[in-house]
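> Requesting a structural model of the entry that follows:
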Amino acid sequence: MNEQPSGSLPTPSLWCPIPSGVHPHRASVTEFQLDWSVRHRLVRGDAETARLAAADIAGLAARFVPRATPAGARTMAALLTLTFVIDDLNDEGRLRGRPDAFTAYASALSRALDGGPLGEPAEPTVRALHDVGRRLGESMSPALRARLVRDFRVTLAAEVRESTHNVRRLPPDLDTYVRNRLATTWILPLTDLAACVDGTEPAPEDLDRPEVRALTEMTGLVLGWDNDICGYAKDRREGVVDVNNLPDVLARTTGAGPAEALDQAVAMRDRLLEHWLGLRDRVNETASPALAGHLANLASMIRGHLDWAATCPRHTVPHGGPVIRISPTRPEPGLAGLDPLRIPSIAWWGRLSSEVAG
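Below you'll find the predicted structure:
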């Protein structure tokens, strides 16, 4: 399954039969994102601007929603940029190891997205999020906007919990880790935005269907696990201690060494994607055009993140090589007993798959 460079962990091969796609106006989305970030003082100076450009967050947005209207793609790029900035502040910036300070910051962010008055002086990220909230009010229904604000708050709360775990060195068990990882990917609010960027929205009752919510949560967990897998070798090389990373959780709970834990993580991730594809196909059989379009965007998020992560400097190892290989062919299952749908907090996905199939 994996190549083994000398003296390093293997380069994981991640299965993904979903085709690649990118927005036709990717260049203009990138131009907007850099200008918007400078205008809102998310970056200052040429060095920070160059670093933001190299991260290619706009390219990730263009892969997430390749069929979006130009305005929809720009809003996705803006919100996605903020999720990276906020996440970095919590993981490695001035709020690292300060869950109480992050809680206060999260409250200001929540008010800004909800359209509340800004306190003075408001931080650049808070002002930028206020602008995103304005854009959302112009492009989505009140019900979908309320859903996005709710899911954004859920993610902020999960970020606080993750910060607390890291500060206190509280290693979560697998189920606790999964419950929190469902939110810390930021995919919940991003998928809410993806539901409207093509110009049509699925009916609220469609988004509330248990199987659609399961597909949304699965999307977030697949992306979260892909991110954990992509960053695992780099974190170990740099001596980063992260108790909220799937291979680390598996190594701690199963006694596996780093390479075996990485293999276990890849196997679990492939099983989860298999469940996602099967449930997606069954839901698509009776989906409205708007819901089918939304499910297509969820698929684009899974594949788009992989295409971006394979080459992005944020993930690449010091020698500049790819951190993953993407394979359209499912490898032969090599590890037994790793079905993720046996994890208690997400076991209902498996029961739901059986009910839909029946």
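> Can I get stretch 259-269 in PDB? Just the C-alpha atoms.
Listed next in PDB are the C-alpha coordinates belonging to stretch 259-269 (Å, rounded to 0.1, in the frame of the first residue of the first chain):
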ATOM      1  CA  ALA A 259       4.000   3.100  10.700                       C
ATOM      2  CA  GLU A 260       1.400   0.600  11.800                       C
ATOM      3  CA  ALA A 261      -0.800   3.300  13.200                       C
ATOM      4  CA  LEU A 262      -0.500   5.200   9.900                       C
ATOM      5  CA  ASP A 263      -1.600   2.100   8.100                       C
ATOM      6  CA  GLN A 264      -4.500   1.600  10.500                       C
ATOM      7  CA  ALA A 265      -5.600   5.200   9.900                       C
ATOM      8  CA  VAL A 266      -5.500   4.800   6.100                       C
ATOM      9  CA  ALA A 267      -7.600   1.600   6.400                       C
ATOM     10  CA  MET A 268     -10.200   3.300   8.500                       C
ATOM     11  CA  ARG A 269     -10.300   6.300   6.200                       C
END
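> What residues sit buried inside it?
By neighbour count on 16 or more other C-beta atoms under 10 Å, the buried set for stretch 259-269 is 259, 261-269. The way it works is simple: take the backbone N, C-alpha and C, and place the C-beta from them, glycine included.
> Just the mean pLDDT for that stretch, thanks.
In this model, stretch 259-269 has a mean pLDDT of 93.
> Ok, stretch 12-19 next?
On average, stretch 12-19 scores 95.
> Centre of the chain to it, how far?
16 Å (C-alpha atoms, centre = their mean, to the nearest Å).
> now do stretch 178-195
On C-alpha atoms, centre = their mean, the centre of stretch 178-195 falls 6 Å from that of its chain.
> just the buried residues of stretch 259-269 now: which is nearest residue 346?
Closest approach between those and residue 346, by C-beta to C-beta: residue 268, at 11.2 Å.
> these two touch, right, that closest one and residue 222?
No. Under the criterion of C-beta atoms under 8 Å, residue 268 makes no contact with residue 222, lying 10.3 Å away.
> How many residues are close by the closest residue to residue 342 other than its chain neighbours?
Nearest residue to residue 342 in three dimensions, chain neighbours excluded: residue 350, at 7.7 Å (C-beta to C-beta, 6 or more residues apart in numbering). By the criterion of other C-beta atoms under 10 Å, residue 350 has 17 neighbours.
> do the same with residue 169
8.
> Surely it is within a helix?
No. Counting by DSSP: H, G, I helix; E, B strand; the rest coil, residue 169 is not part of a helix but coil.
> Tell me the predicted confidence for the residue nearest to it when sequence neighbours are not counted.
Spatial nearest neighbour of residue 169, chain neighbours left out: residue 243 (6.7 Å); criterion: C-beta to C-beta, 6+ apart. pLDDT, residue 243: 71.
> For residue 243, grab the count of nearby residues.
16.
> check which helix or strand covers the nearest residue to residue 103 once chain neighbours are set aside.
Distance criterion C-beta to C-beta, 6+ apart; nearest residue to residue 103, sequence neighbours excluded, is residue 160 at 5.4 Å. Assigned by DSSP states H and E, residue 160 belongs to helix 142-167.
> helices or strands next to that helix in the packing?
helix 70-91, helix 99-113, helix 124-139, helix 174-184, helix 187-194, helix 204-207 (3 or more C-beta pairs under 8 Å, 6 or more residues apart in numbering; DSSP states H and E).
> Would you convert those helices into TSV that also reports distance to residue 46, mean neighbour count and mean pLDDT?
Listed next are the helices and strands packed on helix 142-167 as TSV, based on distance: least, C-beta to C-beta, whole Å; neighbours: other C-beta atoms under 10 Å; pLDDT from 0 to 100:
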stretch	distance to residue 46	mean neighbour count	mean pLDDT
helix 70-91	18	21	92
helix 99-113	27	18	88
helix 124-139	17	18	93
helix 174-184	31	20	92
helix 187-194	29	25	97
helix 204-207	42	14	96
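> sorry, back to before: tell me how many other residues crowd the residue nearest to residue 103.
17.
> pretty sure it is in contact with residue 102, am I right?
Yes. Counting by C-beta under 8 Å, residue 102 is a contact partner of residue 160 at 5.8 Å.
> tell me the contacts of residue 192?
144, 147-148, 151 (C-beta atoms under 8 Å, 6 or more residues apart in numbering).
> Which single one of these is nearest to residue 305?
Among the contacts of residue 192, and counting by C-beta to C-beta, the member closest to residue 305 is residue 151, at 17.9 Å.
> List the residues that contact the closest one.
Neighbours of residue 151 in contact, by C-beta under 8 Å, 6+ apart: 188-189, 192.
> In this structure residue 178 contacts residue 347, no?
No. Between residue 178 and residue 347 there is no contact under C-beta under 8 Å: 10.5 Å.
> distance between stretch 249-260 and the chain's centre?
23 Å.
> wait, I meant stretch 148-161
On C-alpha atoms, centre = their mean, the centre of stretch 148-161 falls 13 Å from the chain's centre.
> Local confidence estimate at the residue nearest to residue 177 when sequence neighbours are not counted?
Excluding the flanking residues, the one nearest residue 177 by C-beta to C-beta, 6+ apart is residue 249, at 4.8 Å. For residue 249, the pLDDT comes out at 93.
> and residue 249, how many neighbours?
So residue 249, with other C-beta under 10 Å, has 25 neighbours.
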